[in-house]
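> Quick one, structure for this:
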Amino acid sequence: MRILGIDYGERRIGLALSDPLGIIASALPTFDRRGGKDEITFFRGLIAEREIERIVVGLPKNMDGSEGPQALAVRAFGEKLKTLDIEIVFKDERLSSVSANRVLDEAEMHWSKRKDVVDAVAAVIILQSYLDRMAMEK
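Numbering: from 1, shown residues only. Sure thing, here's the model as predicted:
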């Protein structure tokens, strides 16, 4: 079963895809929300092309566990995705962007190039965390 991971942002949506066995998450090209493409049409095509059966959407919670305005926007996006008749799972993504930037620090990636990959790296972190938890529950 292939699972899609999403790091939802106002400008870009980071994407990651699991392998068919649900063990490893890999980055996909980031979806630029400012490009004028319809998000639902894009995701419908991606789901069909990659045979995706579930979507894990990173939910940005505050450090105290509460949900702020960005979490509400992510939940609204998730509701739109549900119209595609696919299972949607929300995963706490606290500190995923911090972790993504730490990975890019270790890779010594220059700050000017980070904006192009940080969302995809965050999506990989969200999805890999989900896959690891699923493996532990088996």
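> And for stretch 12-24, what's in contact with it?
1-7, 25-33, 39, 46, 50, 52, 118-124, 126-128, 131, 134-135 (CB atoms under 8 Å, 6 or more residues apart in numbering). Backbone N, C-alpha and C define where each C-beta goes, glycine included.
> And stretch 30-45, end to end?
End-to-end distance for stretch 30-45: 15 Å, by CA to CA, to the nearest Å.
> and that stretch, how far from the chain's centre?
14 Å (CA atoms, centre = their mean, to the nearest Å).
> With stretch 22-35 instead?
For stretch 22-35, the distance to the chain centre is 7 Å (CA atoms, centre = their mean).
> tell me which residues in that stretch are buried?
22, 25, 27, 28, 30, 31 (16 or more other CB atoms under 10 Å).
> The protein: helices as residue ranges?
39-50, 69-82, 96-106, 111-114, 118-137 (DSSP state H).
> Among those helices, which comes closest to residue 56?
The closest of those to residue 56 is helix 118-137. By CB to CB, the value is 4.7 Å.
> I'd like the average pLDDT over that closest one.
In this model, helix 118-137 has a mean pLDDT of 91.
> what do you get for stretch 77-95?
91.
> which other residues reach that stretch?
7-8, 39-40, 43-44, 47, 52-61, 63, 74-75, 122, 126, 129-130.
> Run a quick neighbour tally on residue 82.
Residues near residue 82, counting by other CB atoms under 10 Å, number 11.
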